[in-house]
Structures are given as C-alpha cells and as structure tokens.
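Chemist: Return a 3D structure for these sequence lines:
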Amino acid sequence: KKPHHTLLHFESVSGRGRQTSGELSNSSKLSINAPVFKPASVSNESSSKEIPDNSQTVDITSCISNVSPNVEILLCTAVIRVKDLWGNYQACRCLLDSGSQASLITSECLEKLGLRKQKANIRISCLGSADTRTNGIAQIQFIPHFPSQSSFKTEVYVVNKIVGMLPHQNLDLSYSDLFNDFTLADPMFHKSSQVDILLGIDLTLPLLKGQTLSMGEDKPFAVRSELGWVIGGKASSFSPTLHVNNIHLVSDDLIHKFWELDSVPQTHPLTSLERSCEEYFKETHSRDKDGRYIVRLPFNSCPTQLGQSKQTAIRRLFSIERHLSCDPEKYNRYRQFMNEYLKLNHMIVVPESELDKPNSYYLPHHAVLRDSSSTTKLRVVFDGSCKTSSGHSLNDCLMVGPRVQPELFPILIQFRVFQVAVCADVEKMFRQIKIHEDDVDWQRILWRNSPEDAIREYRLVTVTYGTACAPFLSTRTLRQLALDEVKDYPLASKATLCNFYVDDLLGGAGSREEAIQLVTEMQAMMKKGGFHLRKWISNEPSIFREVFIDSQEKEFVHLDDGDCKVLGLGWSPSLDVFRFTVVPDQLEATYTKRGVLSQMARVFDPLGLLSPCVIFMKILLQQLWQGKFSWDQPLPDELRSIWRTFQEELHLLKRVTFPRYVLKPNAVVEVHGFCNASEKAYCAAIYIRCISIDSIRVSLLTSKTRVAPLKVQSLPRLELCSALLLANLLQSTLPALTVRISETFAWSDSKITLAWLKSEPRRWQPFVANRVAQIQELTHNVHWNFVSGLENPADCGTRGILPTKLEQCDLWFNGPDWLKSSTFPNEEFEENPQLQEDMSAEAKRTSKVIMLNVVDENFKVEVFQKFSSWNKLKRIVAYCLRFVKNCSLATCQRKRSFLTTAELNEAEKCIVKFIQRDHFSMEVSYLSASKQLPSNNKIIPLTPFYDDSGIIRVGGRLKNSMLTESQKHPILLPKTDHVVNLIITDYHLKLLHAGQQLIQAALREKFWILSARDAVRRVVRKKMYSMFQKSPKARRTNHGRASKV
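Modeler: Below you'll find the predicted structure:
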C-alpha cells in the first residue's frame, strides 16, 4: 500500500532498470523537419517466446506540437466501430498517422472489446531514439461510425498508452459549425478526448480519397476518406502551450514552484458552472416525509450521449472477482459492505422490465482499504470516470460544484478557542441523501455474491462515492439542513456552517452548559435531516453522560483516555493537547532526495506548530535541489550525516505537546505576530496573549515558513517577504478567531522593513513597492513595532532546529518573556543616514524628461539676449544642468549646495558648444565626422580640430609648448554674437576698463574670436560711449552781480 504519491516511495524490486513498457516516449526536443525512417520489417507471426531486442524494430514517429502561441495543431482523428468478442460493434476513437509504420491499440481498449491477443514482445523505436515494447498483437475488424458497406481488417500492436488527450484543449464550438454540412469521421473532433487506436500508414493512405477542402487561413482543413471527412490543421486554442506526444516524465522543473515566493492569496469568484450548479441545487432539492433530502444529479451536458457501459462493467466485475478470490478475508469484507448497502436500501434491484432501459450508466466498483478507520476498514468506491463506448464517462457529464464549507485551516484555528471541545462525524453521510428517481438509472451497478451466482443489476439510490458531484451534493445538503433548521436549532446551525469539514465536526463551546446544549441540538437537527452523528469525543466527556441516556447511543461515544485523530491531528482529549507521532523510515534507501521528501510529506502539521523542524527538512531538500542531485542519488557524506542525525531524533517529537485551548475565561485577548528571515528561510508566527486579573497566558497559535527562493534575494527583501507572510497569516487567522480581539501587534527585527512600511509604496522599486502596498492593505489596523533579534521567536523557524532542541525552546512555545509582563519594549528608531542608505538601494529610479519645443529658429538667440552678464548666464545654465542630473539620482545623492567650479566650467562648455553649432554648423558636422574641411573655408588657416568635449579649438604649432591647454588651443568663437559680446564685456570689466590690446591678449589665453580686434574695439567703444553718455555734465550757473565798492 502506498498512501502517498508514487514519487515519494521507493521501488520494491531492486536490481532492475526502469521500463516504460507499453508506453511510447518521445524526445522533448522537437524537430519540425520531416522525420527520417529506418527500414524495418514487422512480423505477423505470434510467438510465445520473447523476441530479442535486435530481432525486429518498428519505427513510429508521432509528434504533436503547437508551433506558435494560441495555435492548436489538429491531428486527423476518426470514430470507428470495432467488432468485439460478442459480435457487437463498439465505438472507438482512432488517430490516422501517416508517420507510423505500424498500427497500435491500447490495452484498455482491447480489454473493453474482449479481444484476445497473442504474445509478441516487439521493440518499437520512437522519435529521439526512445525504445519501448509491445504487450502483444491482435486482429481487429472495424467499420465507419455511420451506415456503410465498407469494412476493414488490420493487425494492431498492443501498448499501454498511445497518446494523451487530443486535441489537448477543447476548441471553440464555432469550429464544428464550419462542417455542419459534412459527414465527419469524428463528429466531436473539437472536444479533447482519448485515442484508443492508431492506424499506421498502411491503412491511412488507402482510406484517404484525396479530396481536400480548406476553410481559410489559420483554419482547419477537411480531407475526404472512407471513414468520413477527416479534420486537421491549425485552430486557435485557449492558451499558448507546447505538447509533446507520449511524454510522461517527472521533470524537476515541475517542483521549482515549491521554492518560489508565495503569492498573495485571493478569493476566487465562482465560475459560471459553479454558479449553475448552485442554482440547480436550490431549484431541484426537496425533502421526503421523513425529512430526508432528495437531490438531482447536476449534469452539464446531455447524458444520453454516454453510449454503452454495461460490457465494461461486466469485465471490471470479473476482474475484481479474480482479485478478491486471492484474499478471502478481503472478499468477505467486500460482500459484507455490498450486503449492507442492499439491506439499508441504499441500492435496489432493477426490475426485469427496466433492464433494457436505454438511458443508463453502469458504474464499475473496487475496494479501498483504510486500516486507520475505526469503523469501516474496507469501503467500496464506484468508478464514475470509467469511459463508455462513446469515449465519455458519467463524471464528464456532471458538474463538480463549488466548495461550500470552510477550509481546514480556519476550522482548526476555531477549534483552539473553545473551552469545551466537541468532535463527531456523520455516519454514512453520502448515503443518507437520496437521488431523485429520474436520475437513479445513471447509477446502476452489477453485483453477485460469488462467481457461481447470476449477475444482477442494481440502482444506487443515494449519493455515491466516486461521482464528481458527490462531495458537493453531500456538503451542500448538510449546509441546507443548517439553513432550514436555524430557527429551532441556532447553536447546531452555526456549528454546521462553520465547524464541519466534509463529514467531521470540530466544534465546541465556551462552557460546559453550552456544550451540552450544542450536542443536544446537533443530535436533534441531524435526525430531522436523516443524518446520525457518531464517534463523539470531548475533553469533557461527562457532558455525554447527561445527553445520551440511551445505552445504544453511548456506544458511539469515545470515553477512552488514549489519543485520537481529529482531521489528521493527534489529540489527547484527557490532557487536551496536540501531539505528533512521526515514525522515521530507517531504510538505507531514504538517504536520497526522494527519501527526504517522503519523510517531510509524512509530517502533517497544518497549523505550523513544528515549523522549526519542518523547515530543517525543507532547507536540506533545497540544498539537494541546488546541488542538482537526482531523486535516488545517495546523499554526500556531510548531508548524509546531518540527515541521519535528524531522522534518529524524529521519534522525540512525540514528547512535544501543544495545548489545544489557547484562551482563558473572561480574559482580554491580544494577537501578536512575529516575522523574521535569514538567508535560508523566512518565518511568521502568531501568538495569543490572554490577560486576566491574576495572570497572563501566552500560547503559540500558528506559524508558516518558506524557504528562501532559488533566485538569491537580499536580506532586506527576505525580511519584507516574511512581513508579507505574516500579513497574509493574520488575514487568514483573525477572521477564524470567534473571540473579541482587543489589539493586534506585528513585530519585526528589521528596521528597513519597518521604515518601508511607514513610507509611500510608490517610492520604491516594484518588488518592494508591491509588497509594501499589500502589507499596508492587509494590516491597516495592526500596530507594527520593532523587536530585537534575540527576542524574536520567528527566528526559530528560519534556520531549522533538531527535535531535541525544539523541546527545550521556550521562546518558540511561549514567545519572548516580556509578553508575560505588563509592559512592552518601546524602542523607537530614527531614519539615520545608514538606514537611509540601505533603503535607497530599493528606491525607484525615476527619469524626468524636459521637452523644449523651439517654434522660432531665433528663439535661442532671444533667450541669450535676455542676459546682460556672462557670469549670470553661466550660473543659470549650471543650475539647469544640475537639475537634469539630480533628476536621475536618488534623493539622498542629489546636490543642493553652492555651485562648484567644475559645474561652472561644464556650463561654459555647454554654452560654447551651443554657439559653435549655431555659427559653425558645417564645420561641426565635418570635424565631428573626422572629415577634411573644404579648402576655401575661412577657418582653414587656423587648423581647427574637434576635442573630446565636442568643442572646436584652434590648432597651430604650440602643441609641445609648456603653455596650458587653453593657451595652446583656444576655443573658436564667431565675430558677432551676443554671448561673445558678454564675454568681451566681462573681460573688459575684470581688467578695470583696460585698453583694446590688453583685453585682446587676455581673451586669447582661452578664446580665439574671429576678427577679434574689430570685435573688441566695437564692444569697448560702445561701452566707453555708454559711459560718456551717462557721465554728469557741468551745469552753467548765473553768477550774481559784483557788489559795489
């Protein structure tokens, strides 16, 4: 028995290589070129001896791929009617493959037809050099699915599987409308379905008649054949996928998601089918005179197209009888189960007059063993997914329905807040709900007590295990009972709506009296709906003595002191604690990556109480992942030693207990969440703090851990991820707590994370911004605070702890010591320069672009003409350049002080380049492209050149002189320009109104102005004239007359 996924277990047979017997496997690397076939011969003779590997080879190339996104390549399929052992024709779906040199049939289809096969162990070579072997060879005879005189015979090789579902996705119904006027070989070509038979090239080409019709570009085409019009070619699909025929590999890439960052949980709205199923239940359910519910099967398509299923049910009955005959005890339990089914009228015999009723479906059945069950060790489960002659099953036609009960996690959280816990389960819940008489024929079965008896037909008249809608119908009926009886049984109704997980009740009450009332109401309400509760368990078993007076009822009460299982968790009712029992596997084969994953899967801890130990295994598994170890490769010595030590201590976890009840009566309740991260993992833990008059109690409520993603993230980012994990955990936990919460606190030892959470998300890069926004939205009523790393219990879940150390880790069980005191640490932190620098690493890089639209070509001249000072022009340009540079820098890196000399020099160069491009545009274009100026150019005698700054400078013979660079190669400027006049004026003022020659000599140390003498003379004269114009003139005064002597 393998209770987990097969990947988590080891092969029982050693010394043998893995085989893919009967299953074709292609290479995952596809080639869209024409395949190359090797010459091969196929023998039609059967033999009871195995044929050597090199005796015969059948080359089969069959490749299915979407060559572009949202495009499905339709392969040519047809529905044929194959003659079975009893002379009847059954519908089978076949694939016409011109690239195959042999015809194939699946073992399942051959069994359905009842045909015999001859032994033939033949090796088949597939694309990519992958080999497989057949299970035998058989002869089939088939005809088209429509009336026809044509009949065909062929030899087929038997394999376990030919191909996956074709097409890989259901196509739009509009494609079927294109061929309404055609007799199609496969009327349901647009629906995804299995392929039973593959017809090779020896039959495919003769069947095709050559006439082809195209429906347009990127639309399928139709080819006429003896089987009808065959459809193939391109068709739009619902999602871009890549499919490879016959690949059934477990790729390591499929488990990469286990290490990815968790996405924010979202509440998904009901789909249209789920809404339809809910509305259909409301409209069709009813109750009989005894109060028992009657429901209808929610079909999503017409079930009359199901086809024949009786022959398959007969073969499956023969098969289960052969299997059970090898185990008499199991066979006896099987008979007891079926006899009880009949005795309770959960199935009834079909009258002879209705045996040939056309609209019916026969359910095969098989046994499921559950050794852990205290009541039903063996349960018969019915196979509603068994395909009929049409290739469809009953489950294909049924709606699954929405989820109507709470998830497991909130139920367990609520279970921890009841002072008096009450558990029970509904006896045979599915079978207490009747199916409407119009639908019972879709649930027929075949059965007989022994192979010597005649096979009889029965109808299952209740909700049946194995049908797609059974979980929805049962849980929705239980919910409907609670809604219908809410007035008479308010406590029981609330418990049914909030504390049921399928058929298990995990409820309770705040007092003993309330618990008695709850049990009484639950019994009465369930009885009104035809249900019965059993296996009652409580930490206060005395309540049952007052409720169950009848001795027969007491038999259904658990009064032992031993542990029991509640939804998979070990619970000791007498001690009222959760206990974990983990049995380590001591086999040598467990020292592999598969062994680590298998052991980790055995630890069922939905509340995360053992997170420090579980994360130890997760971290180890990730190390194996990063080391690219195969699943069964032995661990290296170092990791092997670590894993052996951990396994040897696993049994010690049974000594670790956690109190179920985490509250105190009449106490003020606070919720404290802690988060932390390391380079290996991050963790979030929630504690309940109950404050009463005499004491304070702190208990671990739940926790979650995640390994760090494979893509390396910085530690501040991982700390932020832990805060998001805590926010999500609080969002899931707080609504489940049915008590009043006075305050909720969140604690982190990362100051960067706390600073991020107090800021605007838009300031940061997307990784940080998105998570900050989510945390702020989820925890808007939560107080975020700082806690030191040594006092953070979430730190225990970030590095992993051995079981021996977990038992002694009081910080994990009870949180930091100050939670039990009346005061909290109140360490405030300021955004110091170091913290700002750490935060700035995640600051959003923004670029501001200023666009200047020059409408008039003289606009630039007008701008410069607004300035009357060279220094002022340089400073304003320097500030503009600083602004542009600051826009591309983080806030803390921007310059805000006085202008520097370097900035002024950069502004001067910027202005000069602008002037040169205005007056020497042709020269700039030539020199920047390293071209020679025309010989008649006026500045040729100056041997100009283009420097590294993009400025034209004057050449000459002073290159090797000891002068400065500006003196050897001055900047070239035009004769007439407002900026040139500003420069000359600036030098004139600096030199205290010196003469023209001195000004010209000073200018040539940095600038070379064309016709400089004229330019300087013009500016100086204008300046001097302005000065004389503004100089004061002596006023002529009238003197008085001289005095007389």
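Chemist: Name the next helix or strand downstream of the lowest-mean-pLDDT helix or strand in the chain, please.
Modeler: Counting by mean pLDDT, DSSP states H and E, the chain has its least confident helix or strand at strand 57-60, which shows a mean of 38. Next in sequence after strand 57-60, counting helices and strands by DSSP states H and E, comes strand 71-74.
Chemist: Can you list the strands that that following strand pairs with?
Modeler: strand 228-236 (antiparallel) (DSSP bridges).
Chemist: now stretch 910-930, how far from the chain's geometric center?
Modeler: Distance, stretch centre to chain centre, for stretch 910-930: 58 Å (Cα atoms, centre = their mean, to the nearest Å).
Chemist: Give me the buried positions along that stretch.
Modeler: 910-913, 915-916, 918-920, 923-924, 926-927 (16 or more other Cβ atoms under 10 Å). In this view, the C-beta of every residue, glycine as well, is placed from N, C-alpha and C.
Chemist: And the contacts of it?
Modeler: Residues from elsewhere that reach stretch 910-930, judged by Cβ atoms under 8 Å, 6 or more residues apart in numbering: 860-861, 873-874, 877, 881, 932-933, 937, 939, 944-946, 949-952, 971-974, 977, 979-980.
Chemist: Could you report the neighbour count for Tyr661?
Modeler: 17 (other Cβ atoms under 10 Å).
Chemist: cool, the one 3 residues further on as well?
Modeler: Other residues near Lys664 number 18, with proximity taken as other Cβ under 10 Å.
Chemist: Could you shift the numbering so residue one becomes 706, and keep it that way?
Modeler: Understood, numbering begins at 706; the last thing we discussed is Lys1369.
Chemist: so what's the closest residue to it other than its chain neighbours up against?
Modeler: Nearest residue to Lys1369, sequence neighbours excluded (Cβ to Cβ, 6 or more residues apart in numbering): Cys1395, at 4.2 Å. Going by Cβ under 8 Å, 6+ apart, Cys1395 touches 1367-1369, 1372-1375, 1401-1404.
Chemist: helix, strand or coil for Cys1395?
Modeler: strand (DSSP: H, G, I helix; E, B strand; the rest coil).
Chemist: Distance of it relative to Leu1524?
Modeler: 11 Å (Cβ to Cβ, to the nearest Å).
Chemist: For the two, list the residues in contact with both.
Modeler: Between them, Cys1395 and Leu1524 share the contacting residues 1401, 1403, judged by Cβ under 8 Å, 6+ apart.
Chemist: where does the residue nearest to Lys1369 sit relative to Leu1314, distance-wise?
Modeler: 18 Å.
Chemist: what does Gln1148 give?
Modeler: Taken as Cβ to Cβ, the span from Gln1148 to Leu1314 is 42 Å.
Chemist: Ok, Ala1173 next?
Modeler: Taking Cβ to Cβ, one finds Ala1173 at 35 Å from Leu1314.
Chemist: one step back: mark which of the contacts of stretch 1615-1635 are buried, thanks.
Modeler: Buried among the contacts of stretch 1615-1635 (16+ other Cβ under 10 Å): 1578-1579, 1582, 1649, 1651, 1656-1657, 1676-1679, 1682, 1684-1685.
Chemist: Please, where are all the helices along the stretch 1506-1655 of the chain?
Modeler: 1508-1511, 1515-1519, 1538-1545, 1564-1570, 1575-1592, 1606-1624, 1626-1633 (DSSP state H, counting those that start in this stretch).
Chemist: and the ones you listed, which one's lowest on average pLDDT?
Modeler: Lowest mean pLDDT of these: helix 1564-1570, a mean of 64.
Chemist: Low-confidence bits of the stretch 1206-1355 of the chain, can you list those?
Modeler: Under the criterion pLDDT under 70, the flagged ranges of the stretch 1206-1355 of the chain are 1254-1266, 1291-1294.
Chemist: first to last residue in stretch 1664-1674, what's the distance?
Modeler: For stretch 1664-1674, the first-to-last residue distance is 8 Å (Cα to Cα, to the nearest Å).
Chemist: how about it: buried residues?
Modeler: 1673-1674.
Chemist: which outside residues touch it?
Modeler: For stretch 1664-1674, using Cβ under 8 Å, 6+ apart, the contacting residues are 1650, 1652, 1658-1661, 1663, 1710-1711.
Chemist: with the residues you listed in mind, which one is nearest to His1051?
Modeler: Asp1652 (98.1 Å; Cβ to Cβ).
Chemist: Identify the residues contacting the nearest residue in space to Gln1110 that is not next to it in sequence.
Modeler: Leaving aside its sequence neighbours, Gln1110 sits nearest to Thr1180 (Cβ to Cβ, 6+ apart; 5.2 Å). The contact partners of Thr1180, taken as Cβ under 8 Å, 6+ apart, are 1109-1110, 1205, 1207.
Chemist: Distance to Ile1138, neighbour count and secondary structure added to those, as CSV?
Modeler: Converted to CSV, these look like this (distance: Cβ to Cβ, whole Å; neighbours: other Cβ atoms under 10 Å; DSSP: H, G, I helix; E, B strand; the rest coil):
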residue, distance to Ile1138, neighbour count, secondary structure
Val1109, 14, 19, coil
Gln1110, 15, 18, coil
Phe1205, 15, 24, strand
Val1207, 13, 15, coil
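Chemist: quick one: which of Ala1173 and Leu1314 has more around it?
Modeler: Using other Cβ under 10 Å as the criterion, Ala1173 and Leu1314 rank with Leu1314 on top: 23 against 20.
Chemist: which SS state does that one fall under?
Modeler: Classified using three-state DSSP, Leu1314 is coil.
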